[in-house]
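[1] Got a sequence here, can you model it:
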Amino acid sequence: MILLITPSAKVQECTKVLEEATSEKLQVAPTLRQATAHLRADEYSVVVLDQFLVEAEPEESDLVLQHVGSAVPMYANFAISGIDRVTRELRAALNRHKREINIARQSAEQTLRNELKGTLTALMLSCELALQAPDQATAEGKIRQAYEFALEMRSKLGITENGRALKVAN
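    I've put the predicted structure just below:
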């Protein structure tokens, strides 16, 4: 979803053209104060700010920028820019947002892999040793150890069962 912040009288026709060009839903806020309320209520991929408002109300525009979250801010001068130029810039901003989301996702996945790699290796080694154990007591000890590693992984992932961690009976 895109948030368009402008008091422009041509906002309705602009909104229609931009929705068609981007296949994204647009919400309009005629003031920076209303834009802040929209940003608190919803999440947006791009926030298009009318340059006129930014220059006229710098403090309010700073407040808006504090609430954009992961949205890409885009500035447009609706007084001199044609709708074609705004459309091109909006498409570029949407593509930039998609790239940033993918980079963040890949980074999170890599961090998770790195965090769990050692625990998973220890878990697999404990299971392998349990399978090769010469007696039941040794196997049981290795299974308990494997279970502890599994609990550690679950803890790192933030997973609980029924709101609490499972415990092994001794």
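
[2] Let me see the contact set for the closest residue to Ala130 other than its chain neighbours.
    Closest residue to Ala130 apart from its sequence neighbours, by CB to CB, 6 or more residues apart in numbering: Lys142 at 3.5 Å. Every residue, glycine included, has its C-beta placed from N, CA and C. If a contact means CB atoms under 8 Å, 6 or more residues apart in numbering, then Lys142 has 126-127, 129-130, 133 as its contacts.

[3] which helices and strands does the helix or strand containing Leu94 pack with?
    According to DSSP states H and E, Leu94 maps onto helix 83-131. Secondary-structure packing of helix 83-131 (3 or more CB pairs under 8 Å, 6 or more residues apart in numbering; DSSP states H and E): helix 11-22, strand 46-50, strand 72-76, helix 136-157.

[4] Put the alpha carbons of the longest one into PDB.
    Right, helix 136-157. Taking Å, rounded to 0.1, in the frame of the first residue of the first chain, the C-alpha atoms of helix 136-157 are listed here in PDB:
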ATOM      1  CA  GLN A 136      21.100 -48.700  27.000                       C
ATOM      2  CA  ALA A 137      22.500 -46.400  29.700                       C
ATOM      3  CA  THR A 138      24.900 -44.700  27.300                       C
ATOM      4  CA  ALA A 139      22.300 -44.400  24.700                       C
ATOM      5  CA  GLU A 140      19.900 -42.800  27.200                       C
ATOM      6  CA  GLY A 141      22.500 -40.200  28.200                       C
ATOM      7  CA  LYS A 142      23.100 -39.300  24.500                       C
ATOM      8  CA  ILE A 143      19.400 -39.000  23.900                       C
ATOM      9  CA  ARG A 144      19.000 -36.700  26.900                       C
ATOM     10  CA  GLN A 145      21.800 -34.600  25.600                       C
ATOM     11  CA  ALA A 146      20.200 -34.500  22.100                       C
ATOM     12  CA  TYR A 147      17.000 -33.400  23.700                       C
ATOM     13  CA  GLU A 148      18.700 -30.600  25.600                       C
ATOM     14  CA  PHE A 149      20.200 -29.400  22.300                       C
ATOM     15  CA  ALA A 150      16.700 -29.500  20.700                       C
ATOM     16  CA  LEU A 151      15.400 -27.400  23.600                       C
ATOM     17  CA  GLU A 152      18.200 -25.000  23.100                       C
ATOM     18  CA  MET A 153      17.300 -24.700  19.400                       C
ATOM     19  CA  ARG A 154      13.600 -24.200  20.200                       C
ATOM     20  CA  SER A 155      14.600 -21.500  22.700                       C
ATOM     21  CA  LYS A 156      16.700 -19.700  20.100                       C
ATOM     22  CA  LEU A 157      13.700 -19.800  17.800                       C
END
